[in-house]
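A.B. asks: fold the following and give me the result.
(chains A and B, ligands or ions: 2)
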Amino acid sequence: MLKIKDLYASVEGMEILKGINLEVKPGEVHAIMGPNGSGKSTLANVLAGKEDYEVTNGEVIFEGEDLLEKSPEERAKDGIFLSFQYPVEIPGVPMVNFLKTSVNEHRKHKGLKELTAGEFLKLMREKMDLVDMHTKLTNRMVNEGFSGGEKKKNEIFQMALLEPKLAILDETDSGLDIDALKTVANGVNALKSPERSTIVVTHYQRLLDYIVPDYVHILYQGKIVKTAGKELALQLEEKGYDWIKSENGN
Amino acid sequence: MSVLVDKADLSLKYTAHYNEVKDELFANSSDILNAQRNKAFQNFVLQGIPTRRNENYKYTNLNPAFMPDFKFIHTKEEKKADLGEVFRCDVPQLNTNLALVFNGWFYKNETEKGDLPEGVILDSLDSISKERPELLEKYASLANVEEDPMVALNTAFAKDGFFLYVPKNVVVESPIQIINLLQDKKDTFSTQRNFILVEDGAKVQVLLCDHTLNLNQYLNNSVTEIFAGNNAEIEFYTLQNQHNKATNINSVFIDQQRDSRVTSHTASLHGGLIRNNLQFALNGENAEAHMFGMAFMDKKQHVDNFTQVIHAAPHCESNQIYKNVLDEKSTGAFSGRIHVVRDAQKTNAFQRNNNLLLTDEATMQTKPQLIIDADDVKCSHGATVGQIDEEALFYLRARGINEDQARLMMMNAFAHEVVKEIKLEPLRDRIDELVNKRLKGEVARCHDCAYQCDC
Ligand SMILES: Nc1ncnc2c1ncn2[C@@H]1O[C@H](COP(=O)(O)OP(=O)(O)O)[C@@H](O)[C@H]1O
Ligand SMILES: [Mg+2]
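C.D. replies: Ligands and ions are numbered 1, 2, ... in the order given. As a prediction, this is how the structure comes out:
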């Protein structure tokens, strides 16, 4: 599904990713962990197509196609979904307009008929239940006045609406209390299928109790320095990030 | 015969013209209008055509706009067609009472009678000033010829425009719509003088649509005086949709008495050069003024909103939101003066100007000015000039919305804060649609324009 080969990326002339290799197969859940500043969000943003980041080397193949050539909107419609670490507020753009446009853009891309307002609202209600989303939020402007937790929930709600092939969750767990964390995890798990894959970027292992990864990678200073099964997350929790830092000569 | 003239010559040209047509103007107009003419023209000469040297026109030089050899239309011309049918600024389901001002002259809508309540007058200023002069006692009392050369010039040339009178306690249910058309075979200078008198407890909504019907050069200089009596309520909408060779100078003066509420909306969709002077005088306690403006400019278009609010009585509130979207090489200016006079305690005055620049070449000047001579007041102002938020744009794109559409959503969102304040729902929907078209780069024109001009 996704193949990242020797990927280097920099921002403002500073090299952040220094040779990432990663393969994600259909149905797999990969966790990416690592200390702050190691480049996790950079990787997520590069995959989603953020233009601030310059890819200086390497390639990314998604579903057999060169991902890096595509615009962010094409990537999204091809099935890549980024749950943002810091979702932005967009005053003046109503949630419902935004979501309907987004869903219909995806549908057009797949050759499906666009949903009418009524059909869309029905779909929306269905997905709202899934992640326990309130109309008090969907009646607002995009993320406007949402709490940190509500913003994260909104990301998962959008994911449920768009049903991506590959979801990249960038620290969706941070700032969530345990109940919200469970709701988010339930949303993610509800979408799980043999075709869909997930990359869970997280700082802590607690989310991985609910979204169980097939692989855990540790990203440090722009490189994947360790890859193992889910036990790696527990090990990391126990030993702390200093363990990784000392092993890598810091 | 068009020779390049310097500034002094240009003023002389207008002086020569005034002297030439003066007798005819005096002969054909009412005493009320004539009483102001000579003094007004002297004031125009004293002040000159506004250039950047005039502090109030710091961001707008009108000299080039006066250059063409304009035709003046000082007498009413015969209607060339049934104007009611010619053009309709189509506002769906807006059951309007329609009237037309053509090159500055008022024409009644003969085809549809409308449903104005008993006692309400919508007519020509020229005829009312002759037939019912008592209704025009306050003529030229707000528009001060000593303070603005364009007001002076308008008063010197004033002949016609629309007159609206709403008697005490009368509520006009359907909005009144006035369509201002500019159309002539020659480059034309049009003068329009309007007068609105809304008595105590009366209520009315007025919509003005400014249009040009061909590609000639136009200079439209209009002055509107509005009087809102005690507890009167007025909503006043101006939709400016002209072409790139049109200069639109639009001065509106409002006097508000006790407990009155007046809302002004100015939507500038198209125009070569637009200057809006808007002055509110809050002369009675508890008066409330709301001023909203939005402008969408591109190419080398220029828009300048110059607002003044005079808080002359205690316990009044004024609120201003002006937003501009400037594309390509367009330029914009906003100057907002709030003057709270001594003893106008408990004043609440709020002002905000936000601007979105879509290119590096577009420029915006914004200048708040607060003069506060009372001590117990709440006053705030703020201005921003910025680009489209790239983070937000990426967020939308990351959800599959293509870049153009995402930009459009962001621009609409920017304008929406002002659009949503339009209380007249069909008009709001219509403006939403026009704004959306404008932002998409489609020419935002009325659907039913019989003259399919590509201007
Ligand atoms: N847009 C940006 N501009 C400048 N520096 C950035 C930008 N994005 C990330 N960085 C830098 O890149 C490094 C990696 O950041 P990030 O990918 O956010 O790490 P993580 O998500 O692992 O905490 C940090 O040093 C950060 O300051
Ligand atoms: Mg991060």
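A.B. asks: in chain A, which residue sits nearest ligand 2?
C.D. replies: residue A:41 (3.1 Å; Cβ to the ion). Yep, even glycine has a C-beta here, placed from its N, CA and C like the rest.
A.B. asks: surely that residue is within a helix?
C.D. replies: Yes: assessed with DSSP: H, G, I helix; E, B strand; the rest coil, residue A:41 lies in a helix.
A.B. asks: quick one: pLDDT of it?
C.D. replies: Looking at residue A:41, its pLDDT reads 96.
A.B. asks: now do the contacts for it.
C.D. replies: A:85, A:170, A:171, A:201 (Cβ atoms under 8 Å, 6 or more residues apart in numbering or on different chains).
A.B. asks: what's in contact with the host helix or strand of residue B:406?
C.D. replies: Here residue B:406, judged by DSSP states H and E, is contained in helix B:403-419. Outside helix B:403-419, the residues within contact range by Cβ under 8 Å, 6+ apart are A:71, A:73, A:90-93, A:97-98, A:101, A:141, B:265, B:292-294, B:296, B:321-323, B:325, B:354, B:356, B:358, B:388-389, B:392-393, B:396-397, B:401, B:428, B:431-432, B:435-436, B:439-440.
A.B. asks: that one: which residues count as buried?
C.D. replies: B:405-419 (16 or more other Cβ atoms under 10 Å in any protein chain shown).
A.B. asks: between the following helix or strand past it and helix B:403-419, how big is the angle?
C.D. replies: Heading C-terminal from helix B:403-419, the first helix or strand you meet, by DSSP H and E, is helix B:425-440. Here helix B:425-440 runs at an angle of 140 degrees relative to helix B:403-419 (axes from the mean of the first three to the mean of the last three Cα atoms, to 10 degrees).
A.B. asks: any residue of helix B:425-440 up close to chain A?
C.D. replies: No: against chain A, helix B:425-440 shows no contacts by Cβ under 8 Å from any Cβ of the partner chain, the least distance being 11.9 Å.
A.B. asks: average pLDDT across the helix holding residue B:406?
C.D. replies: For helix B:403-419, the mean per-residue pLDDT is 93.
A.B. asks: then stretch A:77-97?
C.D. replies: For stretch A:77-97, mean pLDDT rounds to 96.
A.B. asks: and that stretch with chain B, contact?
C.D. replies: Yes: residues of stretch A:77-97 are located near chain B by Cβ under 8 Å from any Cβ, namely A:77, A:82, A:84, A:87, A:88, A:89, A:90, A:91, A:92, A:93, A:97.
A.B. asks: buried set for that stretch?
C.D. replies: Here stretch A:77-97 shows A:77-85, A:87-96 as buried, counting by 16+ other Cβ under 10 Å.
A.B. asks: please apply the same query to stretch B:63-80.
C.D. replies: B:63, B:65, B:66, B:67, B:68, B:70, B:72, B:73, B:74, B:76.
A.B. asks: can I get the CA coordinates of it in PDB?
C.D. replies: Extracted in PDB, the C-alpha atoms of stretch B:63-80 (Å, rounded to 0.1, in the frame of the first residue of the first chain):
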ATOM      1  CA  ASN B  63      -7.700  64.600 -10.500                       C
ATOM      2  CA  PRO B  64      -7.400  61.900 -13.300                       C
ATOM      3  CA  ALA B  65     -11.100  61.100 -12.900                       C
ATOM      4  CA  PHE B  66     -11.900  64.700 -13.900                       C
ATOM      5  CA  MET B  67      -9.800  64.700 -17.000                       C
ATOM      6  CA  PRO B  68     -12.200  63.400 -19.700                       C
ATOM      7  CA  ASP B  69     -14.300  65.900 -21.600                       C
ATOM      8  CA  PHE B  70     -17.500  64.900 -20.000                       C
ATOM      9  CA  LYS B  71     -21.000  65.500 -21.100                       C
ATOM     10  CA  PHE B  72     -23.200  66.900 -18.400                       C
ATOM     11  CA  ILE B  73     -26.900  66.100 -18.400                       C
ATOM     12  CA  HIS B  74     -28.500  69.100 -16.800                       C
ATOM     13  CA  THR B  75     -31.900  68.600 -18.200                       C
ATOM     14  CA  LYS B  76     -34.100  65.600 -18.000                       C
ATOM     15  CA  GLU B  77     -34.000  63.600 -21.200                       C
ATOM     16  CA  GLU B  78     -36.900  61.700 -22.700                       C
ATOM     17  CA  LYS B  79     -36.900  58.100 -21.700                       C
ATOM     18  CA  LYS B  80     -35.500  56.000 -24.500                       C
END
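A.B. asks: and residue B:355, what does it touch?
C.D. replies: Contacts of residue B:355 by Cβ under 8 Å, 6+ apart are B:323, B:324, B:325, B:326, B:332, B:334, B:364, B:366, B:383, B:384, B:385, B:386.
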